[in-house]
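> 3D model of this:
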Amino acid sequence: MPAPPAAAPPRLRAPVRRSVARFADVACPPQVRTERRTVQVLAEFELLLGALRPAARRAVGAAFVAVDQGARLYPPARGRRFARLGDQAAEAYLRALLSRRDGIGDLARRLKGLVVMCYYALPAVQEEIGYRPAPYIAAVSRRRLASYGPEIRAAEENR
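As a prediction, this is how the structure comes out:
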């Protein structure tokens with residue numbers, strides 16, 4: 001029986017999308033602004049959200065909106081959202097969030113981790129940093145098959 005078609009990843013709502021895009025521009029290396037990488041990070045982020053339960057997806061989206069709207073309370077932002085801040089103000093705001101030693105700082109660090117992970121999952125970025133796991137995975141697979149091959153075949157036959 002063929003596998004059912006994979007569901008499309010959930011699309012980010014516009015306010016969340018703007019916040020995540022700005023977060024990526026500030027939190028990721030400067031190369032994120034080249035070759036449409038911010039758009040690629042957003043696509044990767046949507047795939048990541050697709051792996052989460054709906055409640056977790058909503059919580060992550062709400063967290064990005066809270067960070068976005070919270071910038072209004074940051075004096076140098078002069079009432080503007082994070083997505084609307086200039087580069088210097090956005091970087092300063094994110095640095096201020098990340099330096100906090102409370103729940104807000106923890107939240108900002110976790111959100112940064114998600115976005116940066118999506119950046120480093122891009123094939124072009126992996127190539128640039130020399131991350132090529134396929135040969136290592138193949139070597140380990142061969143070694144494990146050589147060591148545990150009979151046990152694997154026996155288990156497959158007993159299914």
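> what's the spacing between stretch 40-59 and its chain's center?
8 Å (C-alpha atoms, centre = their mean, to the nearest Å).
> equivalent analysis for stretch 39-54, please.
The mean C-alpha position of stretch 39-54 is separated from the chain mean by 7 Å, C-alpha atoms, centre = their mean.
> so for that stretch, what gets flagged as buried?
Using 16 or more other C-beta atoms under 10 Å as the test for burial, stretch 39-54 gives Gln40, Val41, Leu42, Glu44, Phe45, Glu46, Leu48, Leu49. Bear in mind the C-beta positions are built from the backbone N, C-alpha and C, glycine included.
> which of those residues fall in helices?
With helices identified by DSSP state H, the entries of those that belong to them are Gln40, Val41, Leu42, Glu44, Phe45, Glu46, Leu48, Leu49.
> if we can go back for a sec, out of the buried residues of stretch 39-54, who's nearest Glu127?
Within those, the smallest distance to Glu127 is 13.2 Å, found for Gln40 (C-beta to C-beta).
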